[in-house]
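In: just need the structure, nothing else, for what follows:
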Amino acid sequence: MLDVPALDPDVAGVLGGLAPHELAWRDRARDFTAAEVLPHIDEWWEHAHYPAQLLPRLGALDLLRDGVEVEGFPHQSTLAAGLATAELNRGDGSVAAIAGVQGGLALRTIAQFGSPEQQERWLGPLARGEVLCAFALTEPLHGSDSVALEASARRDGDEWVLDGEKKWIGGGASGGLTIVWARISGGEDDGRVRGFLVPQSTAGYAARPITGKLALRSIHQAHIELRGVRVPADAVLPGAHSFRDVTRVLLATRLTVSWAALGHAVACYEASVHYAGVRVQFGKPLAATQLVQSRLARQLAAITQLQTLLVQLAREADAGRLTEQAASVAKLTSTRTARAIAADARDLLGGNGILLENAVARHLADVEALHTFEGTESIQELLIGRAITGVSAF
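Out: Numbers count the residues shown, from 1 in each chain. Reported below is the predicted structural model:
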C-alpha cells in the first residue's frame, strides 16, 4: 500500500478544541493502524484473510470497548470512542468491524443486559480481546425487518433449546462466544425476544464463513445454523425482554457506524489529495487543474459537515440525550456522504483507482457494506419520517 500522509482535515476547528485525553484515543488507534494493519492489509484483503490475531493487540490498547464502561478500565467518552473508530476505519473497515462487533455490539449487550455474574465473567475478557464474541441478530430471511426474527428458544427443564439460522454474523465462526437473539416459544415470555450467551463449541451450533464477498473481506461473517442447541438456564440475558432492548444497542452503534463512515471518507480524501499532487497529466499535476481542485474542495466541505454533526451528537450521547431520530440522521448522512466521496475519489484516480495499493477501491467497497449496517438508508429514512410525522410507514 502507498504511504499516504494523514492530513487531519478540520477547517472548522471542531476537533482542534477537544481535550488531549480524547485525542489520545485517536492517536493510539492511528499508531496501531499504521504499524500493524496498513503494511499487511492489501494481502489480507485480497486473500480474504481474517486477522483474528489482532484482537489481543486491540484489547491491550483498549480499543475494543466503544465507550462501554468496564470495571478496571478508564472512562472513555462517546466522543473519544468515535475518534478511535474513525481512525480504525481510516485504516481498514474489516479490522475496524472486528473491534466494532466486539465492543459496540457484544460487550455493550452484556454490559446493559447481563447479570452481575455474566458481566464479571465476560466483560473483562472481551475488553482485553481474550475471547471473541459475536452478535447474532440478522437472519437469512430477515435483514431490515429483524423484528420478525424466526430463531426460537424454548424452555426444557433447566435448559434452553435454540433452533434457527443467522446470517452475516461477524465473528460467528471464530470459535468464541455468540449472543443469539431468539423468540421465546411457550411460557410466560411466549413471543418475546431474548438474548442468549452461546459458546460456539456447543453441540448443534454450526457456522461457516460466507465466501464470495466483495467488501469487508478481512472479517469472517458467518451463516449460523442452530439445531437443538442446548444452553443452561443462566445463559439467558436477564435484562433483555423484548426487541426494544435490542434497539437500545443498535441506537448506540448507529453513531459508531457514522464515525466509521467518516474514517473512510477521510481516507479517500487523503488518497485524492496525494494522487492529485503526484499524478502528471498533459504536462502538469492534476492538482493544478480547476476540475480537480473543485472535487477536492467538495470532498473537504462534506467531511467538515460530517465532523461537525458527529462531534455534536457524540456530546449529546455523553449527556444522555441522543435520540433515535438523531442517530438515524447521523447514520443516513454519514454513509451517504462517504459513498459519494469514495466514488469521487475512485473516479479521480482513474484506472489506478481500482488498485488495492491506492486504497480507494477497498474503502469504496467497504463503505457499501457499511451503508447497510445497522439499518439501510431506506430504514433510516423511515425511522426519521416516523419521528417527524408520528406515523409509522413500516
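In: switch to C-alpha atoms for all contacts and neighbour counts from now on
Out: OK.
In: which residues of the stretch 101-250 of the chain fall in helices?
Out: 108-113, 116-128, 243-278 (DSSP state H, counting those that start in this stretch).
In: quick one: closest of these to residue 200.
Out: Ranking the helices of the stretch 101-250 of the chain by proximity to residue 200 (CA to CA) places helix 116-128 first, at 14.7 Å.
In: so which elements touch the closest one?
Out: When contacts are defined as 3 or more CA pairs under 8 Å, 6 or more residues apart in numbering; DSSP states H and E, helix 116-128 sits against helix 54-60, helix 108-113.
In: let's have those helices in JSON lines, adding distance to residue 48.
Out: What follows is the helices and strands packed on helix 116-128, written out as JSON lines (distance: least, CA to CA, whole Å):
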{"stretch": "helix 54-60", "distance to residue 48": "15"}
{"stretch": "helix 108-113", "distance to residue 48": "28"}
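In: comparing those helices, which comes out most buried?
Out: helix 108-113 (a mean of 22; mean count of other CA atoms under 10 Å).
In: point to the helix or strand of the protein where mean pLDDT is at its lowest.
Out: Scoring the helices and strands of the chain by mean pLDDT, DSSP states H and E places strand 280-281 at the bottom, with a mean of 86.
In: which residues of the stretch 1-150 of the chain score low on pLDDT?
Out: 1-2, 143-147 (pLDDT under 70).
In: now the strands: where do they sit in it?
Out: Counting by DSSP state E, counting those that start in this stretch, one finds strands in the stretch 1-150 of the chain at the ranges 133-136.
In: around the closest residue to residue 272 other than its chain neighbours, how many other residues sit close by?
Out: Spatially, and ignoring its direct neighbours in sequence, residue 272 is nearest to residue 345 (5.6 Å; CA to CA, 6 or more residues apart in numbering). For residue 345, the count of nearby residues is 27 (other CA atoms under 10 Å).
In: spell out which residues make up each domain of the protein.
Out: Domain ranges of the chain: 20-132, 134-235, 243-389, per automatic domain parsing.
In: mind checking which of these is nearest residue 13?
Out: Short answer: domain 243-389, nearest of the domains of the chain by CA to CA, at 9.1 Å.
In: could you dump the domains of the chain to JSON lines with distance to residue 13?
Out: Listed next are the domains of the chain as JSON lines, based on distance: least, CA to CA, whole Å:
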{"stretch": "domain 20-132", "distance to residue 13": "13"}
{"stretch": "domain 134-235", "distance to residue 13": "32"}
{"stretch": "domain 243-389", "distance to residue 13": "9"}
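In: compare the ones you listed and give me the one nearest residue 5.
Out: domain 243-389 (7.3 Å).
In: go through the domains of the chain and name the closest to residue 10.
Out: Of all the domains of the chain, domain 243-389 sits nearest to residue 10, with 6.5 Å by CA to CA.
In: start and end of the closest one, how far apart?
Out: Start and end residues of domain 243-389 are separated by 23 Å (CA to CA, to the nearest Å).
In: ok, stretch 36-43 next?
Out: Across its full length, stretch 36-43 reaches 13 Å between end residues, using CA to CA.
In: hmm, who's touching it?
Out: Stretch 36-43 is contacted from outside by 1, 49, 91, 92, 95, 356, 357, using CA atoms under 8 Å, 6 or more residues apart in numbering.
In: tell me who's in contact with the residue sitting furthest away from the middle of the chain.
Out: The outermost residue of the chain relative to its centre, with distances by CA atoms, centre = their mean, is residue 283 at 42.9 Å. Neighbouring residues of residue 283 by CA under 8 Å, 6+ apart: there are none.
In: so how far is residue 192 from it?
Out: Taken as CA to CA, the span from residue 283 to residue 192 is 68 Å.
In: can you check residue 240 too?
Out: Residue 240 is 10 Å from residue 192, by CA to CA.
In: now residue 115
Out: 19 Å.
In: how many neighbouring residues does residue 291 have?
Out: Neighbour tally, residue 291, other CA under 10 Å: 12.
In: so how far is the host helix or strand of it from its chain's centroid?
Out: Using DSSP states H and E, residue 291 sits within helix 290-318. Taking CA atoms, centre = their mean, to the nearest Å, the mean C-alpha location of helix 290-318 is offset from the chain mean by 20 Å.
In: ok, then the element right after that helix?
Out: Using DSSP H and E, the next helix or strand after helix 290-318 towards the C-terminus is helix 324-348.
In: what helices or strands is the helix or strand that comes right after that following helix leaning on?
Out: Following helix 324-348 in sequence order, the next helix or strand is helix 360-370 (DSSP H and E). Counting contacts by 3+ CA pairs under 8 Å, 6+ apart, helix 360-370 is packed against helix 93-99, helix 243-278, helix 324-348.
In: pick the most buried one from those.
Out: Counting by mean count of other CA under 10 Å, the most buried of the helices and strands packed on helix 360-370 turns out to be helix 93-99, with a mean of 26.
In: contacts for it?
Out: By CA under 8 Å, 6+ apart, helix 93-99 touches 37, 51, 55, 58, 63-64, 85, 88-89, 170-171, 216-219, 260, 264, 363, 366-367.
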